[in-house]
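Asker: the sequence and its predicted three-dimensional model are supplied below.
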Amino acid sequence: MMEYNLEIDLKPYKVLDEFALLACQRYNLSNRGDWFGNFRGGLYGLYARLCGVKRHHAEVHNWLPFERTHREREYHASSILFNMDSAIECLTFALNALGYAASPDEFLSVTDEKQLRQIKPKNIYGTGSQAMEGYKTYFPQLKAYWEASQNLMEAIADQHDVSKHRSTIDRGGKHRLDPPPGFFENLGIENDPGERLRFSPMEEIILPTEPKKPLSQQHLSQSKDFVKLEELVQRFCPFVTQSGEKALLDAETNIKLNHTDFSGSSGK
């Protein structure tokens, strides 16, 4: 059965936060341009967006004592997409700040308004002018992982762009048929399948495979013509955890500190 109450392991990020705090001490990299404030702002933004993913995913899928509408379903689906896309953006912002602390010339400046606007996930996995060379040196494992995960990130971004700027993104789906004991009886709903369906949460929410195509060119007649929101979410959750693990390992391996504890000693 699909797990609707999501769990995402944030332990790697908490260790990364400790590493960044140690790095910003005056006896290590110092806090030039308040890079640590930018790092922690991005990290805490990631935490907040993940909270949004978990909350909206639970609400649209779990049995709740009120009528479920297409309007509500669209609200939750578009909110999940926003929070997933923004989580990736916030993580990029945090990692750029940490990279800037290690090598200002190889990352975008946290003190320049124009450069702040240029921070995006393609700095890590992209090519050409958008790619930042510093990720090859300081976050090589994360970079390789994001390059391999490009399809997932771009699918989330495309769905979010359409739901944010154009139209509804929900193309239908399947309702759950496994109410908890006494659910309908407590609401005073008789054994009427149509009436019960109005109060049933979703099991699957269908999204278009190519949401940016004109609507006339989108066909939902076969399974290959759509994707499921739940499948994107189930891929996204381990992606977040593994990104944290790789970013932490990269930072500890490649960002050299003068002192390895908060006493200012070398730890040796």
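Answerer: That came in fine, so what should we check first? Numbers count the residues shown, from 1 in each chain.
Asker: okay, strands next: where are they in the stretch 101-250 of the chain?
Answerer: Per DSSP state E, counting those that start in this stretch, the stretch 101-250 of the chain has strands spanning 173-175, 202-208, 226-228. These are given in chain order.
Asker: list the buried residues in the first one.
Answerer: The neighbour-count criterion (16 or more other C-beta atoms under 10 Å) identifies Gly173 as the buried residues of strand 173-175. C-beta coordinates here come from the backbone N, C-alpha and C atoms, glycine included.
Asker: quick check: which helices or strands does it pack against?
Answerer: Identification of packing neighbours for strand 173-175 by 3 or more C-beta pairs under 8 Å, 6 or more residues apart in numbering; DSSP states H and E yields strand 202-208.
Asker: how about the strand it packs on as PDB, C-alpha atoms only?
Answerer: C-alpha atoms of strand 202-208 as PDB (Å, rounded to 0.1, in the frame of the first residue of the first chain):
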ATOM      1  CA  MET A 202      -7.400  10.300  -3.400                       C
ATOM      2  CA  GLU A 203      -5.300   7.200  -4.000                       C
ATOM      3  CA  GLU A 204      -3.700   8.500  -7.200                       C
ATOM      4  CA  ILE A 205      -3.600  11.900  -8.800                       C
ATOM      5  CA  ILE A 206      -2.800  12.000 -12.500                       C
ATOM      6  CA  LEU A 207      -0.600  14.700 -14.100                       C
ATOM      7  CA  PRO A 208       0.200  15.300 -17.700                       C
END
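Asker: that one: how far from the chain's middle?
Answerer: Strand 202-208 has its average C-alpha position 19 Å from the chain's average C-alpha position, going by C-alpha atoms, centre = their mean, to the nearest Å.
Asker: now do it: which elements does it pack against?
Answerer: Using 3+ C-beta pairs under 8 Å, 6+ apart: strand 202-208 touches helix 35-61, helix 70-102, strand 173-175, strand 226-228, helix 229-254.
Asker: residues making contact with that strand?
Answerer: Under the contact criterion C-beta atoms under 8 Å, 6 or more residues apart in numbering, strand 202-208 has outside partners 2, 60-61, 68, 73, 77, 159, 169-177, 218, 220, 225-230, 232.
Asker: of those, select the buried ones using a PyMOL command.
Answerer: Under the burial definition 16+ other C-beta under 10 Å, those of these that qualify are selected in PyMOL by:
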select buried, resi 60+61+68+73+77+159+169+170+171+173+176+226+227+228+229+230+232
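Asker: Glu190: neighbour count?
Answerer: The burial count assigned to Glu190 is 8, neighbours taken as other C-beta atoms under 10 Å.
Asker: once you drop chain neighbours, what's closest to Glu147?
Answerer: In space, Glu147 comes closest to Tyr125 once its chain neighbours are excluded; the distance is 4.8 Å by C-beta to C-beta, 6 or more residues apart in numbering.
Asker: check contacts around that neighbour.
Answerer: By C-beta under 8 Å, 6+ apart, the residues touching Tyr125 are 143, 146-147, 149-150, 153.
Asker: out of those, which is nearest to Phe199?
Answerer: Met153 (35.4 Å; C-beta to C-beta).
Asker: I'd assumed Trp146 was in contact with that closest one.
Answerer: Yes. Using C-beta atoms under 8 Å, Met153 and Trp146 qualify as a contacting pair, with a distance of 7.1 Å.
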